[in-house]
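J.: Provided below for reference: sequence and predicted model.
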Amino acid sequence: MRLSNREQSIFIICLATVFVYVVYVVFYKPLKEKVADLTAQTELAERQLEKHIRIIRKGKAYQPRFERYMAKYKQTTSDNEVMSSILSQIEQESGKFDIRISQLKPQRVKKENFYNNFSVSVTLEGALAEVIKLLYNLQHEPYLFKIEDARFDQHYQKPTNVQCQLILTKILLL
(Lines give C-alpha, C1' and ligand atoms only; values in the text may rest on other atoms or scores of the structure.)
Protein backbone atom coordinates (compact mmCIF):
# COMPACT_ATOMS: atom_id res chain seq x y z
CA MET A 1 0.00 0.00 0.00
CA ARG A 2 1.31 3.23 -1.17
CA LEU A 3 0.63 6.51 0.76
CA SER A 4 -0.05 9.71 -1.00
CA ASN A 5 2.14 12.75 -0.46
CA ARG A 6 -0.43 14.33 1.80
CA GLU A 7 -0.73 11.17 3.92
CA GLN A 8 3.06 10.88 4.09
CA SER A 9 3.29 14.48 5.32
CA ILE A 10 0.61 13.86 7.98
CA PHE A 11 2.35 10.63 9.03
CA ILE A 12 5.73 12.39 9.33
CA ILE A 13 4.13 15.21 11.36
CA CYS A 14 2.47 12.60 13.64
CA LEU A 15 5.79 10.76 14.06
CA ALA A 16 7.57 14.03 14.80
CA THR A 17 4.87 14.95 17.36
CA VAL A 18 5.14 11.54 19.04
CA PHE A 19 8.94 11.84 19.02
CA VAL A 20 8.82 15.31 20.59
CA TYR A 21 6.32 14.07 23.21
CA VAL A 22 8.51 11.05 24.07
CA VAL A 23 11.63 13.23 24.33
CA TYR A 24 9.69 15.70 26.54
CA VAL A 25 8.29 12.99 28.86
CA VAL A 26 11.38 10.77 29.00
CA PHE A 27 14.19 13.32 29.03
CA TYR A 28 13.20 16.96 29.43
CA LYS A 29 10.57 16.77 32.21
CA PRO A 30 12.64 14.52 34.58
CA LEU A 31 15.72 16.63 33.90
CA LYS A 32 13.78 19.82 34.68
CA GLU A 33 12.44 18.30 37.93
CA LYS A 34 15.93 17.13 38.90
CA VAL A 35 17.34 20.63 38.28
CA ALA A 36 14.54 22.14 40.40
CA ASP A 37 15.24 19.66 43.22
CA LEU A 38 18.97 20.35 43.10
CA THR A 39 18.32 24.09 43.11
CA ALA A 40 16.08 23.75 46.17
CA GLN A 41 18.65 21.57 47.94
CA THR A 42 21.40 24.05 47.11
CA GLU A 43 19.38 26.97 48.48
CA LEU A 44 18.61 25.00 51.66
CA ALA A 45 22.28 24.08 52.09
CA GLU A 46 23.30 27.73 51.57
CA ARG A 47 20.82 28.89 54.23
CA GLN A 48 22.10 26.26 56.66
CA LEU A 49 25.69 27.24 55.88
CA GLU A 50 24.91 30.91 56.55
CA LYS A 51 23.24 29.95 59.82
CA HIS A 52 26.25 27.88 60.89
CA ILE A 53 28.64 30.67 59.91
CA ARG A 54 26.66 33.07 62.12
CA ILE A 55 26.82 30.56 64.99
CA ILE A 56 30.58 30.19 64.55
CA ARG A 57 31.03 33.97 64.54
CA LYS A 58 29.01 34.24 67.73
CA GLY A 59 31.03 31.37 69.20
CA LYS A 60 34.28 33.19 68.53
CA ALA A 61 32.97 36.06 70.65
CA TYR A 62 32.51 33.60 73.54
CA GLN A 63 35.96 32.05 73.15
CA PRO A 64 37.71 34.27 75.77
CA ARG A 65 34.97 33.52 78.30
CA PHE A 66 35.23 29.81 77.51
CA GLU A 67 38.99 29.90 78.05
CA ARG A 68 38.52 31.64 81.43
CA TYR A 69 36.09 28.92 82.53
CA MET A 70 38.40 26.19 81.25
CA ALA A 71 41.19 27.69 83.32
CA LYS A 72 38.96 27.60 86.43
CA TYR A 73 37.49 24.14 85.93
CA LYS A 74 40.31 22.25 84.18
CA GLN A 75 41.83 19.41 86.18
CA THR A 76 45.58 19.80 85.94
CA THR A 77 46.71 17.35 88.63
CA SER A 78 45.94 13.76 89.59
CA ASP A 79 42.71 12.79 91.35
CA ASN A 80 44.52 12.23 94.67
CA GLU A 81 46.18 15.65 94.52
CA VAL A 82 42.86 17.32 93.70
CA MET A 83 41.11 15.55 96.58
CA SER A 84 43.93 16.53 98.95
CA SER A 85 43.63 20.13 97.76
CA ILE A 86 39.85 20.08 98.30
CA LEU A 87 40.26 18.78 101.86
CA SER A 88 42.87 21.42 102.69
CA GLN A 89 40.69 24.17 101.17
CA ILE A 90 37.75 23.14 103.38
CA GLU A 91 39.96 22.98 106.49
CA GLN A 92 41.62 26.31 105.66
CA GLU A 93 38.32 28.11 105.07
CA SER A 94 36.68 26.67 108.19
CA GLY A 95 39.70 27.84 110.20
CA LYS A 96 38.66 31.43 109.45
CA PHE A 97 35.45 30.89 111.43
CA ASP A 98 34.63 29.57 114.89
CA ILE A 99 33.73 26.15 113.47
CA ARG A 100 34.97 22.71 114.39
CA ILE A 101 35.18 19.98 111.76
CA SER A 102 34.28 16.73 113.47
CA GLN A 103 34.43 14.62 110.32
CA LEU A 104 35.98 15.21 106.90
CA LYS A 105 35.69 12.18 104.66
CA PRO A 106 36.53 12.10 100.94
CA GLN A 107 34.26 10.02 98.76
CA ARG A 108 35.06 8.11 95.61
CA VAL A 109 35.65 10.23 92.50
CA LYS A 110 32.87 9.80 89.93
CA LYS A 111 34.44 9.76 86.50
CA GLU A 112 32.26 10.80 83.58
CA ASN A 113 33.03 11.19 79.88
CA PHE A 114 34.65 14.60 80.06
CA TYR A 115 34.72 15.53 83.74
CA ASN A 116 35.39 14.21 87.24
CA ASN A 117 33.00 14.78 90.14
CA PHE A 118 34.81 15.06 93.50
CA SER A 119 32.70 14.66 96.67
CA VAL A 120 33.51 15.19 100.33
CA SER A 121 31.35 14.38 103.33
CA VAL A 122 31.78 17.00 106.07
CA THR A 123 30.37 17.29 109.58
CA LEU A 124 30.67 20.76 111.11
CA GLU A 125 29.86 22.07 114.57
CA GLY A 126 29.45 25.73 115.38
CA ALA A 127 27.08 28.67 115.55
CA LEU A 128 24.51 28.72 112.76
CA ALA A 129 25.62 32.14 111.52
CA GLU A 130 29.24 30.98 111.28
CA VAL A 131 28.25 27.79 109.45
CA ILE A 132 26.19 29.80 106.96
CA LYS A 133 29.11 32.18 106.32
CA LEU A 134 31.42 29.22 105.73
CA LEU A 135 28.98 27.62 103.29
CA TYR A 136 28.61 30.90 101.44
CA ASN A 137 32.38 31.24 101.09
CA LEU A 138 32.78 27.64 99.91
CA GLN A 139 30.16 28.11 97.19
CA HIS A 140 31.77 31.21 95.72
CA GLU A 141 35.14 32.20 94.28
CA PRO A 142 37.76 30.78 94.52
CA TYR A 143 36.36 27.46 95.78
CA LEU A 144 33.14 26.99 93.76
CA PHE A 145 31.83 23.99 95.70
CA LYS A 146 28.28 22.77 95.28
CA ILE A 147 26.27 21.58 98.27
CA GLU A 148 24.67 18.27 97.29
CA ASP A 149 23.15 17.45 100.66
CA ALA A 150 22.83 19.34 103.94
CA ARG A 151 21.35 18.39 107.28
CA PHE A 152 21.28 20.68 110.30
CA ASP A 153 20.75 19.38 113.84
CA GLN A 154 20.83 21.22 117.14
CA HIS A 155 24.05 20.41 118.98
CA TYR A 156 23.32 18.17 121.96
CA GLN A 157 25.92 19.75 124.29
CA LYS A 158 25.54 23.42 123.32
CA PRO A 159 21.99 24.42 122.33
CA THR A 160 23.28 27.61 120.63
CA ASN A 161 25.35 25.59 118.19
CA VAL A 162 24.32 23.37 115.31
CA GLN A 163 25.77 20.23 113.88
CA CYS A 164 25.75 20.31 110.08
CA GLN A 165 26.33 17.30 107.86
CA LEU A 166 27.16 18.18 104.25
CA ILE A 167 28.17 16.61 101.02
CA LEU A 168 30.24 19.10 99.03
CA THR A 169 31.03 18.43 95.38
CA LYS A 170 33.30 19.99 92.84
CA ILE A 171 33.36 19.23 89.12
CA LEU A 172 36.58 19.52 87.13
CA LEU A 173 36.90 19.08 83.39
CA LEU A 174 39.38 16.64 81.94
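T.: Cool, got the structure. Numbers count the residues shown, from 1 in each chain.
J.: from here on, contacts and neighbour counts on C-alpha atoms
T.: Noted.
J.: any idea of the mean pLDDT in stretch 109-122?
T.: Mean pLDDT, stretch 109-122: 87.
J.: Next, the distance between the ends of that stretch.
T.: 16 Å (CA to CA, to the nearest Å).
J.: ok, residues contacting it?
T.: Here stretch 109-122 makes contact (CA atoms under 8 Å, 6 or more residues apart in numbering) with 79, 83, 87, 101-108, 164-174.
J.: among the residues you listed, which are in helices?
T.: Under the assignment DSSP state H, the contacts of stretch 109-122 contribute 79, 83, 87 to helices.
J.: For this protein, which segments are assigned as helices?
T.: 5-23, 29-73, 79-95, 128-139.
J.: Columns distance to residue 160, mean neighbour count and mean pLDDT on top of these, output as a markdown table?
T.: Formatted as a markdown table, those follow (distance: least, CA to CA, whole Å; neighbours: other CA atoms under 10 Å; pLDDT from 0 to 100):
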| stretch | distance to residue 160 | mean neighbour count | mean pLDDT |
| --- | --- | --- | --- |
| helix 5-23 | 98 | 12 | 90 |
| helix 29-73 | 38 | 12 | 89 |
| helix 79-95 | 18 | 15 | 86 |
| helix 128-139 | 8 | 17 | 87 |
